[in-house]
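J.: Below: sequence and its predicted model.
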Amino acid sequence: MKKTPGKDPAFRLTPQRAGILRFLDGNKSHPSAEDIYARLRRKFPGMSFATVYNTLQSLLALGGLTEVKIDGARARFDPDTKPHSHLMCVSCGAIADLPAPRGLRPAGAPSGFKVLRCNVEFYGVCRACAPAAKKEKTSCQKKKRK
Ligand code: ZN
Ligand code: MN
């Protein structure tokens, strides 16, 4: 985790920062800094992108926010700092939570290697982005009950 240069050691709570905190609180969408800026600039017309970026960096340094690195295009942020995994739709970029894998021992791990933690990332296509897949019958759906 990169530390922010001690610009705001006390994290002064400006109205803009409070707005960013409110937006992030309980937010499950894993927004990027650009997403947050786009959502809040109407409410705070004077707010700069740098304010959003710097606030996120401060929150990261304070441990109140996690950077999710599943999206290669841009950093995504998660106010849920408890260990968990993610899956991402490669078409629309939607990220969803998965429970953290537990006691997973990777096949091929050298003997004596003690697994401390593991970070699993799944990439795929969500339902909304694959309308054809919705209509396609899976083996489960063929067994229709009447
Ligand atoms: Zn999608
Ligand atoms: Mn998450």
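T.: On my side now, so go ahead. Numbers count the residues shown, from 1 in each chain. Ligands and ions are numbered 1, 2, ... in the order given.
J.: could you say what helices and strands the biggest helix by length in the chain packs with?
T.: Counting residues, the longest helix found in the chain (DSSP state H) is helix 49-62. Helix 49-62 sits against helix 15-24, helix 33-40, with contacts defined as 3 or more C-beta pairs under 8 Å, 6 or more residues apart in numbering; DSSP states H and E. Any C-beta I mention is one placed from the backbone N, CA and C, and that applies to glycine too.
J.: out of those, which comes closest to ligand 1?
T.: Closest to ligand 1 of these is helix 33-40 (C-beta to the ion; 15.1 Å).
J.: what does that closest one contact?
T.: Helix 33-40 is contacted from outside by 16, 19-20, 23-24, 29, 31, 47, 49, 52-53, 56, 74-75, 77, using C-beta atoms under 8 Å, 6 or more residues apart in numbering.
J.: May I have it as CSV, with CA atoms only?
T.: Listed next in CSV are the C-alpha coordinates belonging to helix 33-40 (Å, rounded to 0.1, in the frame of the first residue of the first chain):
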residue,chain,number,x,y,z
ALA,A,33,-11.9,7.2,-8.8
GLU,A,34,-13.4,8.3,-12.1
ASP,A,35,-16.8,6.7,-11.2
ILE,A,36,-16.8,8.5,-7.8
TYR,A,37,-15.8,11.8,-9.4
ALA,A,38,-18.6,11.5,-12.1
ARG,A,39,-21.2,10.7,-9.4
LEU,A,40,-20.3,13.5,-7.0
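J.: Please parse the protein into its domains.
T.: 5-68, 83-145 (automatic domain parsing).
J.: mind checking how far the longest one is from the chain centre?
T.: A distance of 14 Å separates the centroid of the chain from that of domain 5-68, by C-alpha atoms, centre = their mean, to the nearest Å.
J.: With the shortest one instead?
T.: For domain 83-145, the separation from the chain centroid amounts to 15 Å (computed by C-alpha atoms, centre = their mean).
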